[in-house]
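Engineer: quick check, what structure comes out for this input:
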Amino acid sequence: MTFEQDEINAAALEAYGRIIRAWKLSQREAAALADMSESRWQRARPTGFTGTLTHDQLLRFSAIVGIYAGLEQYFSDPLAKTWFTRPNTGPLFHGARPIDVAIAGGLPQILTIRNYVDALNCGA
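Structural biologist: Okay, here's the model as predicted:
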């Protein structure tokens, strides 16, 4: 792994860590959303993680940052911080929590949720 890749991994983990704290996700939810085992997530959390993040995980983190930013732009607090973990009757969620839909559907569903939040902001 290159120095540049180490910096990218560190920045991605730092941003993701801040978001999961803001959303008050459990360790199980944070690990599942990142497509990691809970033990790997525990190792990845501290500063200085030297493991490798997959392309899939980096895309997940990027999309989650976009979801977070979009929610912060569209909603005021506390809804911006709780939207992802509240039951939602929107067409993608059918009463489920967005986080559960994202975990179950993996990266494709996370990207779909990102597009959904972007559409909210664009008035689509």
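
Engineer: for the rest of this, base every contact and every neighbour count on C-alpha atoms.
Structural biologist: OK.

Engineer: could you check the pLDDT of T47?
Structural biologist: Looking at T47, its pLDDT is 64.

Engineer: list the buried ones in whichever strand or helix holds D6?
Structural biologist: In this structure, D6 sits in helix 3-23 according to DSSP states H and E. Residues of helix 3-23 classed as buried by neighbour count (16 or more other C-alpha atoms under 10 Å): 6, 9-10, 12-13, 16-17, 19-20, 23.

Engineer: so where do the helices sit in the protein?
Structural biologist: 3-23, 27-33, 38-44, 55-74, 79-82, 98-122 (DSSP state H).

Engineer: I'd like those laid out as a markdown table, including distance to P91.
Structural biologist: Below are the helices of the chain laid out as a markdown table (distance: least, C-alpha to C-alpha, whole Å):
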| stretch | distance to P91 |
| --- | --- |
| helix 3-23 | 22 |
| helix 27-33 | 21 |
| helix 38-44 | 30 |
| helix 55-74 | 17 |
| helix 79-82 | 18 |
| helix 98-122 | 10 |
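
Engineer: just so I know, which of the ones you listed lies nearest N88?
Structural biologist: Among those, the nearest to N88 by C-alpha to C-alpha is helix 98-122 (6.9 Å).

Engineer: how close does the spatially most central residue of the chain sit to W83?
Structural biologist: Centre of the chain computed as the mean C-alpha position; nearest residue by C-alpha atoms, centre = their mean is I64, 3.3 Å away. In this view, I64 and W83 are 13 Å apart by C-alpha to C-alpha, to the nearest Å.

Engineer: now do S26
Structural biologist: Relative to W83, S26 is positioned 15 Å away (C-alpha to C-alpha).

Engineer: and for G90?
Structural biologist: From G90 to W83 the distance is 12 Å (C-alpha to C-alpha).
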